Each structure stands twice: as structure tokens, then as C-alpha cells.
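A.B. asks: structure for the following, please:
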Amino acid sequence: RDTLEHVGFRLKGNTALNNQKKSFKLSFNTYEKGRKYQGVKKINLLANVNDPTMIRQMLYYYIYERCGLLPRRGAFVKVYINNEYRGLYTNLEEPDDEWIEDHFESDKGNLYKCTYPADLAYINSNQQSYKNIQNSTATGGRAYELQTNQATDDYTDLVQLITTLNQTPNASFVTQIEQQLNVEGYLKALALDVATGNWDSYAYNKNNYFLYHNLNTGKFEFITYDTDNTLGIDWLNIDWATRNYQTWIHPTEPRPLAAKLLAIPAYKQRYTTLLDSITRYITH
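C.D. replies: Below is the predicted model of the structure:
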């Protein structure tokens, strides 16, 4: 057995905090800077209380990787606290600076953790306006929370992306957005969300995604996380398996990342093709 002392340990989640079976986050470098265990700085122990099968999140990331999106390592673990068995959990890799370093040539860009109500709607050109938006978690915090380069705390790149999504005329939109966003990567992520009924992500619930500014390409990468509410799990009395794929995003609230891209015929056709490929081939 390995023993580590002085490890950061906290509850994890939002609505899940009310459940008897809690999710946890362990941080090995909270009190000893730079320390890792088995090559990682953090571990997420996910209770998956919404999923009686315990497999939806792992299955989602299996499909995610088969779609050519960046892998998230995961495993099932038995959790004991003070020798008391707390149940079966999912140990899922954290999308942090370590994960960024493993998958991109540069890990120096801004990584934003985006939680409800991070809709990417335009407010103004002042980055403080976006820093002031609070998320809905019990502990509070920014809806657009910078995970890297925190000392600098510069949101200029995020404000520029939001401005492009909301303010750029249609005539120049494609040119501008392709300079700032991995469009193919987001269209894949959106098609996968629709195929699996992942409503608790950006397109419907403005929640549970990361944006990483890859300095080598100059483009943002969209990264999905927290995918336990998929494949039939519903809180909103909606049948996600039969919802129209053309009007799948939230109908009455702004979702400029999804809506503006799907308003471009070539992007909508690509999204349709990706959705067809995922449902016809990859998920079987």
C-alpha cells in the first residue's frame, strides 16, 4: 500500500452534494507543490449517483475517443474512508495542466473551466464583466474559471472569442472563427452530445465544458466533461433520444457557439454528417 500525507481532499459537484453518496476530489500537490502520485496531480472520484449502471460516463468517453477527440483515462475503483467501504466509484482523469501537457505541444495557454451559466453570450468588451459571472455551485466561484496562468488572470482571449461569436458579421464570420476555434473539434463534441443525449453540456444547459487556448495554433479547443447525465438520464421531462437534432440546442436562451456555427450551411452539413457517422458506426 502507498501512503501519502498532507493531501487535499474535498467534496465535488453541485446538486450531487445533496446525495448520500458523495463525489470527491483528491489533490496531491495542494500542500506539497509539484507532487504527483502515479503521474497525476489530482484524482476525481465520481459517485455517478444519477446512473444506476455506473457505466454511462465511461461509455461516453470511450465513444469520445473513437470520434478522434482527446482521450480521458478512467477506471472503476472501490473507495474506503477510515476503513469504511463507501462504494464503487469512477476515477476519471482531470483535464488540468498535466492533461494539457500530454495532449498539446504547448501547455502555456489559458484553460477555462466553464460551468452554469457559461453561455458565451456577449456582455461588453470588459473582461471583468465575465469574471463577475458566478457559477451555481454551492461553493461559488466564476462561471468562466481560469485554471492556468492565474497570477496573470488575463481573459482577453476569451473575450475575443465571445466577441467573434456574437458580434462578427456573417460575411466574415467563417474566416474569423476558424482563426480562433477548432471548429471541427466542437462540431464533433456537439454531434456526440446529441447522439448520447448529453443535455448537461454547453448546447442545452450552458454547463460542463473546458476551453483551452492552444498557443501553437492560436485556436481554442472545446473539451467536454462531467457526462453522467447521458444515454437516457433526464431531469427535464424531455426524451433526448427522439429530440430533433436540428433544433436540439436550447430554444429560448442564447447559445452562440452552437447556434452561430449551425447557421453556416457548410458547418451544419458537417455536423449532420458527423452525427450520422457516430450513430451509424461508432456507437455500435
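
A.B. asks: all helices of the stretch 51-200 of the chain, in order?
C.D. replies: In the stretch 51-200 of the chain, the segments counted as helices under DSSP state H, counting those that start in this stretch are 56-66, 97-103, 127-131, 156-167, 170-180, 183-196.

A.B. asks: now for the chain, the helix or strand with the poorest mean pLDDT.
C.D. replies: None of the helices or strands of the chain scores lower by mean pLDDT, DSSP states H and E than helix 97-103, at a mean of 88.

A.B. asks: list the buried residues of it.
C.D. replies: By neighbour count on 16 or more other C-beta atoms under 10 Å, the buried set for helix 97-103 is 97, 98, 99, 100. Quick note: C-beta positions are derived from backbone N, CA and C, even for glycine.

A.B. asks: to the chain's geometric centre, what's the distance from that helix?
C.D. replies: Centre-to-centre, helix 97-103 and its host chain are 15 Å apart (C-alpha atoms, centre = their mean, to the nearest Å).

A.B. asks: cool, and stretch 184-193?
C.D. replies: Per C-alpha atoms, centre = their mean, the centroid offset for stretch 184-193 relative to its chain is 12 Å.

A.B. asks: go through that stretch and flag the buried ones.
C.D. replies: Here stretch 184-193 shows 185, 186, 187, 188, 189, 190, 191, 192, 193 as buried, counting by 16+ other C-beta under 10 Å.

A.B. asks: show me what it is in contact with.
C.D. replies: Residues outside stretch 184-193 that contact it (C-beta atoms under 8 Å, 6 or more residues apart in numbering): 60, 63-64, 67-69, 198-199, 201, 203-204, 209, 221-224, 257-258, 261, 267, 270-271, 274-275, 278.

A.B. asks: recalculate using a threshold of 7 Å.
C.D. replies: The contact list for stretch 184-193 (C-beta atoms under 7 Å, 6 or more residues apart in numbering) reads 63-64, 67-69, 201, 203, 221-222, 224, 257-258, 261, 267, 270-271, 274-275, 278.

A.B. asks: of all residues in this protein, which one is nearest the centre?
C.D. replies: Residue closest to the average C-alpha location in the chain (C-alpha atoms, centre = their mean): residue 209, at 2.2 Å.

A.B. asks: that one contacts residue 198, doesn't it?
C.D. replies: No: with contact defined as C-beta atoms under 7 Å, residue 209 does not count as touching residue 198 (10.4 Å).

A.B. asks: skipping its backbone neighbours, what lies nearest residue 179 in space?
C.D. replies: Once flanking residues are discounted, residue 179 sits nearest to residue 218: 6.7 Å by C-beta to C-beta, 6 or more residues apart in numbering.

A.B. asks: relative to residue 92, how far out is the one you found?
C.D. replies: 29 Å (C-beta to C-beta, to the nearest Å).

A.B. asks: same question for residue 168.
C.D. replies: 36 Å.

A.B. asks: again with residue 109
C.D. replies: From residue 109 to residue 92 the distance is 22 Å (C-beta to C-beta).

A.B. asks: compute the number of surrounding residues for the nearest residue to residue 159 once chain neighbours are set aside.
C.D. replies: Nearest in space to residue 159, with sequence neighbours left out and distances taken as C-beta to C-beta, 6+ apart, is residue 127 at 5.0 Å. A total of 19 residues lie near residue 127 under the criterion other C-beta atoms under 10 Å.

A.B. asks: contact partners for the closest residue to residue 13 other than its chain neighbours?
C.D. replies: Excluding the flanking residues, the one nearest residue 13 by C-beta to C-beta, 6+ apart is residue 23, at 4.8 Å. Residue 23 makes contact with 12, 13, 16, 45, 46, 47, according to C-beta under 7 Å, 6+ apart.

A.B. asks: which of those fall in strands?
C.D. replies: Within the contacts of residue 23, residues falling in strands by DSSP state E are 12, 45, 46.

A.B. asks: looking at the residues you listed, spot the one nearest residue 145.
C.D. replies: Distance to residue 145, by C-beta to C-beta, is smallest for residue 12 among those, at 14.1 Å.
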